[in-house]
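Colleague: I would like to see how this sequence folds:
(chains A and B)
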Amino acid sequence: MSGRAPAGGAVAVVGAGMAAARFAERYQALGGRGEVTLYGAEPAAPYNRVLLTDVLTGRYGAAALTLPYGSAVVRTGREVTAVDPTARVLRLADGTSAAYDELVLATGAEPVLPPVRGLRGPGGALREGVHVFRTLADCRRLAVAAAAAERAVVVGGGVLGVSAARALTVPGGGGAARRPDRLPVEIVERAPLLAGRHLDGPAAALLRQGLGALGVAVSVGSRARALPGTGPVTGVELASGRVLDADLVVLACGVRPRTGLARAAGLPVRAGVVVDDALACAPGVHAIGDCAEHRGTAYGTALTAWDQADVLAARLSGADPGAVYRGSRPPARLTAGPLEYAAFGETGEGGEADPGLDVLRLADATRGAYRKLVLRGDRLVGGILLGDPAAACALSRAYERDEPLPADPLSLLITRGASR
Amino acid sequence: MSYRPRPPGRRVSIVYRGGNTAESAPTRAGATLLGMTTTDTHCPYCSLQCGMRLRATDTGAAPVEVLERPEFPVNLGALCGKGRTAPAVLRPGVRLTGPLVRDAPGGELRPASWDEALDRTAAGLSAARDGHGRDAVGVFGGGGLTNEKAYLLGKFARVVLGTANIDYNGRFCMSSAAAAHRRAFGLDRGLPFPLADVARTGCVILVGANPAETMPPALRYFRELRENGGRLIVVDPRRTRTAELADLHLQPLPGGDLALALGLLHLVVADGHLDEDFIARRTTGFEAARAAAMAHWPERVERLTGVPAAQLAAAVEMFTGAPEGMVLTARGPEQHSKGTDTVGAWIDLCLATGRSGRPLSGYGCLTGQGNGQGGREHGQKADQLPGYRSIEDPAARAHVASVWGVDPERLPGPGLSAYELLDRLGRPDGVRALLVMGSNPVVSAPRAAHVTERLGALDFLAVADLVLSETARLADVVLPSAQWAEETGTLTNLEGRVILRRRAVDPPPGVRDDLAVLHGLAGRLGVPKGFPVDPEEVFEELRRASAGGPADYSGISYARIGAEDGVFWPCPEESHPGTPRMFLDRFATPDGRARFAAVAHRPAAEEPDADFPLFLTTGRVVGQYQSGAQTRRVEELAEAAPGPFVELHPALAGRLGVAEGQLLAVSSRRGRAVAPARVTDTIRPDTVFMPFHWGGEGRVNSVTNPALDPVSGMPEFKVCAVRVERAAATEAAR
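Modeller: Prediction:
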């Protein structure tokens, strides 16, 4: 190791998002003595991406999103263009390079653009009025656009699409110019169910009903085929041929791990950068957060990114060099004003044919509440709690920890969580 | 043996059996009412220090009767069962009535004269000092000792023994709150306002506090709060009797309080409840605290604490919806390896919402032991000198050394914190001879079986106590101490109110006040002067020693305390009115601003896993006090709370196949405790609870984790990982 390196060496973190900030904060808190540098492509210091939809609604000011990152040096706007794991050197877009002792890839994920004709203008950029919603900068642009828009279409009916659609309808939401009225919004979802990765038919129907009450129209089983015309967007053409008028289009079709750097460096990449239980992908190279794939899963959620950051910080700081990550089972959560659900494990219709599974359901259409638990023996294998997710708290914990359930599982459907 | 009531206001000489002569302080505020001689004093137990009136009697089993003293402001006459029955411990069959010594290791304790007992103690302490150096002698004090005793014990350790190693059981009590207080406000006083203010504020968040069981007479203020339209939020993993009174009960996982506080602060930011003006004018460090809170968004906090996000929002709405608010913590959030940070996070919530440094608002700690507050201010803590001075501050050392008439260079530096001290007993780098005064660590220390073993490894152990406690049973010399009704001295209650305990009756002839013990030992160890036996004389010296310090008592006198129902420190001049409400104009930091803590959640030192899948938390029951040394000897209390138990949820009981009353073994990596099951749905299904007042097989501190808070030295009594199983009947707890 080179003489100039500090006691714990130079720890280079590619990325300055949530996983990176958490790693840096924990590394210092756990007594790590190395010099941690975060290289961020975005101009902003680490912030809490989870809260962006509520920046759009005006609940949070952008400054309030700042996350702690310990004593790390954050070099924003410094994109890393290449890493050399053998020489332990990384190269930056400005032509400089930096040596490291330990490398942490926390490059995150990027929005998936759907196969829709006419997304891009002649220069290759998204056309005017077409937005993705991933970064604080995206959020700012979207807020400005929403303030002036007449009608919006959200392509994609997952958690991001639903929460973005709801945020766009909040009157007086955050934007340079706040609009007093409610922006008409429609969600276009290709699959037959809203949030079909988490919800079953009845739950998806209730969610759709809840969106309707907020003025959000929903077209399921509808594929967006093209954005007609050129120049500023005017509408969305569906596979059925119908055209929805829109001067604002939000693409919410999921994200994919950002792996280009790892791939170019010859590191193992499948859906994400492949890491073992030590969160390592090569000697001296680690990956955490949305860019990582662990035991075949690229989680893409902030809570798991932080679980991974905690383990890696324990290892690299020396606080617990033997710490391992064995996977997480956090619930999927939607929190979009009055629309809330928590879902975990196997919740779809398919599993119900399995004779080993017990399925318990409670539905209250009037109050928009739905609870479903899937059990195998005395273990919870999945659940949906929609409308009143207070009960989800205890249940998702039981699921995460694989705890045995009481002998009368029906009582779980009426619990309100551990409080009166 | 009969006890003779003493006429009030007269100074009398007491001749001890050992031949030493000491003067007692005059009884004050005594009165003759309808022919009865009464003395106004205070309860021997908790930090409320309820006022009570004692009537000497020749007819009862005990030498005094307890009467109401309705004019004392804190409790207005009300007393709990512990206070009402306190005279039972004065009976000769219950208490120690003469010194005991042990002639050989493993031998029996036998009665001895005071001269023999003190000679043996002085010899034991000096042998360790001569053989292994000054720091091989240790002192372990208690939060029940009067200010005078605590002060003189600290002076004894530093001046006579010359050891750095003095600490006390208050380290197990409120040391985390004390550390957080000082970090935030520059000063540590349990409550910055009189307790009665609680009834007039708008909303109180009571975190890990159960006054319904621990200090019942205080409950009236929480009831009145609600009658006045205020709201009460209780945070506790158990739905306690206190939680039953609440408008909102948040039931977090043990160890979740830090994340919970940050989650609430997050919502304060999100929902626009920051008091920007207060933050700008009265605080520093907000940006970092906000960033810390942003890392604790509701869904994450829900996962960390088990408290639904909707309840977090309800709590924030309730707290910020009232014009004033208070957060009060007790041992629940404090007795953790992250206790200091946890209290810091709750203080941050107060600062961010402007609920601090204003009338009817603020953060406070409900101190536990009778003199938990004063005990930590006057020098029985390893890092402190009288007046709440730092032992590392040269100016503080110079001041105290001048009062003591010694060279500041001779004062030792900071010593080991309580558990560290106990952990190293009898080891090459540890204490070889120990004097324990007013503490029972065999029951009250974490990992108690280990602590018991360490006490056994000492070359010499002397214990001064009222009764033959579990710790006293291990001693080479047992020194019987006078009790509350038999002594005069000041204590400082949870409000920072200095009150005066007054002697109502003489102790039995074979029993001495601890001041006389220190006097006798100091003389034998070559320091005949400077250890007076008259408490008022000690207090006068304490006043001078505290002058100019953070806890300045120099304007307080016995006469003022009697005339004013107690005096709130700081009180730097005789003409100063005392300080019932602190921080209204400025905080006690150098720049006058409160400091945000900016802390982050971290897991408990030991989280449940496959081998030890449940949380254990510990606490108290209404019928017992601390290690139970006193209250277990009172029949009425022993009947109400006869022994330990394991509280568990019906769902867990069903899984274990255990019914009410069946014996359970609770095991951790450190040891096990056996006690009957108490099945109740007031506890979380992932958590079991045991009270800690008992020794023997039911001693929960055999199981608890001595992981220490890095700032306060507080052990993690409130959470560890355990396994719970059915136990055979032969394992019955005693």
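Colleague: count the residues that sit near residue B:125.
Modeller: Counted with other CB atoms under 10 Å in any protein chain shown, residues neighbouring residue B:125 total 27. Backbone N, C-alpha and C define where each C-beta goes, glycine included.
Colleague: what helix or strand is it on?
Modeller: If you go by DSSP states H and E, residue B:125 is part of helix B:114-132.
Colleague: so which elements touch that helix?
Modeller: Using 3 or more CB pairs under 8 Å, 6 or more residues apart in numbering or on different chains; DSSP states H and E as the contact criterion, the elements in contact with helix B:114-132 are strand B:100-102, strand B:137-141, strand B:433-437, strand B:460-465, strand B:477-480, helix B:514-524.
Colleague: residue numbers of the stretch 251-400 of chain A in contact with chain B?
Modeller: Among all residues of the stretch 251-400 of chain A, those adjacent to chain B (criterion: CB under 8 Å from any CB of the partner chain) are A:302-303, A:306, A:330-331, A:333, A:335, A:388-394, A:396-397.
Colleague: from the residues you listed, list just the buried residues.
Modeller: In terms of neighbour count (16 or more other CB atoms under 10 Å in any protein chain shown), the buried residues within those are A:302-303, A:306, A:330-331, A:333, A:335, A:388-394, A:396-397.
Colleague: just the ones of those in strands?
Modeller: Residues of those located in strands (DSSP state E): A:333, A:335.
Colleague: any idea which of the buried ones among the residues of the stretch 251-400 of chain A next to chain B is closest to chain B?
Modeller: residue A:390 (3.7 Å; CB to the nearest CB).
Colleague: tell me the two of the residues of the stretch 251-400 of chain A next to chain B that are most distant?
Modeller: By the measure CB to CB, A:306 and A:388 form the most distant pair in those, at 26.1 Å.
Colleague: can you map out the strands along the stretch 501-650 of chain B?
Modeller: Taking DSSP state E, counting those that start in this stretch, the strands of the stretch 501-650 of chain B run over residues B:567-568, B:594-595, B:614-619, B:646-648.
Colleague: what of the stretch 151-300 of chain A?
Modeller: For the stretch 151-300 of chain A, the strands identified by DSSP E, counting those that start in this stretch occupy A:152-155, A:185-189, A:216-220, A:224-226, A:235-238, A:243-245, A:248-251, A:255-257, A:273-275, A:280-282, A:285-287, A:292-294, in order along the chain.
Colleague: pretty sure residue B:325 contacts residue B:355?
Modeller: Yes: between residue B:325 and residue B:355 there is a contact under CB atoms under 8 Å: 4.3 Å.
Colleague: between these two, what contacts are shared?
Modeller: Between them, residue B:325 and residue B:355 share these contacting residues under CB atoms under 8 Å, 6 or more residues apart in numbering or on different chains: B:319, B:361.
Colleague: in terms of helices and strands, where is residue A:380?
Modeller: With DSSP H and E as the test, residue A:380 turns up in strand A:379-386.
Colleague: quick check: mean pLDDT across that strand?
Modeller: Per-residue confidence for strand A:379-386 averages out to 92 on the pLDDT scale.
Colleague: next, the angle from that strand to strand A:332-336.
Modeller: Between the axis of strand A:379-386 and that of strand A:332-336 there is an angle of 10 degrees, by axes from the mean of the first three to the mean of the last three CA atoms, to 10 degrees.
Colleague: can I get the CA coordinates of strand A:379-386 in CSV?
Modeller: Presented in CSV, the C-alpha positions along strand A:379-386 are these (Å, rounded to 0.1, in the frame of the first residue of the first chain):
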residue,chain,number,x,y,z
ARG,A,379,-45.2,-19.2,8.4
LEU,A,380,-46.2,-16.1,6.5
VAL,A,381,-45.1,-16.3,2.8
GLY,A,382,-46.8,-13.2,1.6
GLY,A,383,-49.3,-10.5,2.3
ILE,A,384,-51.1,-7.4,1.0
LEU,A,385,-52.3,-4.7,3.3
LEU,A,386,-54.0,-2.0,1.5
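Colleague: ok now that strand, how far from the chain's centre?
Modeller: 21 Å (CA atoms, centre = their mean, to the nearest Å).
Colleague: and the gap between the closest residue to residue A:138 other than its chain neighbours and chain B?
Modeller: Closest residue in space to residue A:138, ignoring its immediate chain neighbours: residue A:132 at 5.6 Å, by CB to CB, 6 or more residues apart in numbering or on different chains. Taking CB to the nearest CB, to the nearest Å as the criterion, residue A:132 is separated from chain B by 22 Å.
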